[in-house]
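1. Below is the structure, and that's it, no one-letter string:
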């Protein structure tokens, strides 16, 4: 789960080269990694909400999914979650494009920094989550 929701802070504080060195030191092969995006939608109108928070330990997501408050009332908010993931592995930095972790994140033999914007967008974790949302919203 490292760096999880702290990815921007870790990148700014340690830098991607240090993250890669930590992975080299702490993790044997394979050095699996993934980018994940979770988009939450709630407009207050009724619809079938996502039954479980994506991360069961996430108290904010549990609250949004309808956990009871201190007063015992359950205000069920209709929250729908859409996730997108791109899997890869951590490698030596390669490429001049992209930003953030792109030079050390390899997917299907190329780092994201080696991909064109079109190639990168085609596998984007954010794009995958947004496509699921758009499809659901269109059907709604």
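-> Structure received. Since this is a predicted model, take the numbers as computed values, not measurements.

2. Residue 41 and residue 78: what is the separation?
-> Between residue 41 and residue 78 the computed distance is 9 Å (CB to CB, to the nearest Å). All C-beta atoms are positioned from the backbone trio N, CA, C, and that covers glycine.

3. again, but for residue 25
-> Relative to residue 78, and taking CB to CB, residue 25 is found at 45 Å.

4. what's the burial count for residue 113?
-> Counted by other CB atoms under 10 Å, the residues lying close to residue 113 total 21.

5. hmm, back to that, looking at residue 25 and residue 78, which is more packed in?
-> residue 78 (17 against 7).

6. On the pLDDT front, check that one for me.
-> Reported pLDDT at residue 78 in the predicted model: 77.

7. Return the set of buried residues in the longest helix seen in the chain.
-> In the chain, assigned by DSSP state H, the helix with the most residues is helix 125-139. For helix 125-139, burial by neighbour count (16 or more other CB atoms under 10 Å) applies to 125, 128, 129, 132, 133.

8. so the fourth one touches residue 82, yeah?
-> What that stands for is residue 132. Yes - at 4.2 Å, residue 132 counts as touching residue 82 under the criterion of CB atoms under 8 Å.

9. anything in contact with each of those two?
-> Common neighbours of residue 132 and residue 82, using CB atoms under 8 Å, 6 or more residues apart in numbering, are residue 39.

10. Helix or strand next in line after the helix-or-strand element of the chain with minimal mean pLDDT, which one?
-> Ranking every helix and strand in the chain by mean pLDDT, DSSP states H and E puts helix 59-64 at the bottom, with a mean of 54. Moving toward the C-terminus from helix 59-64, the first helix or strand encountered (DSSP states H and E) is strand 80-90.

11. and the angle from that next one to helix 125-139?
-> On the basis of axes from the mean of the first three to the mean of the last three CA atoms, to 10 degrees, strand 80-90 is oriented at 160 degrees to helix 125-139.
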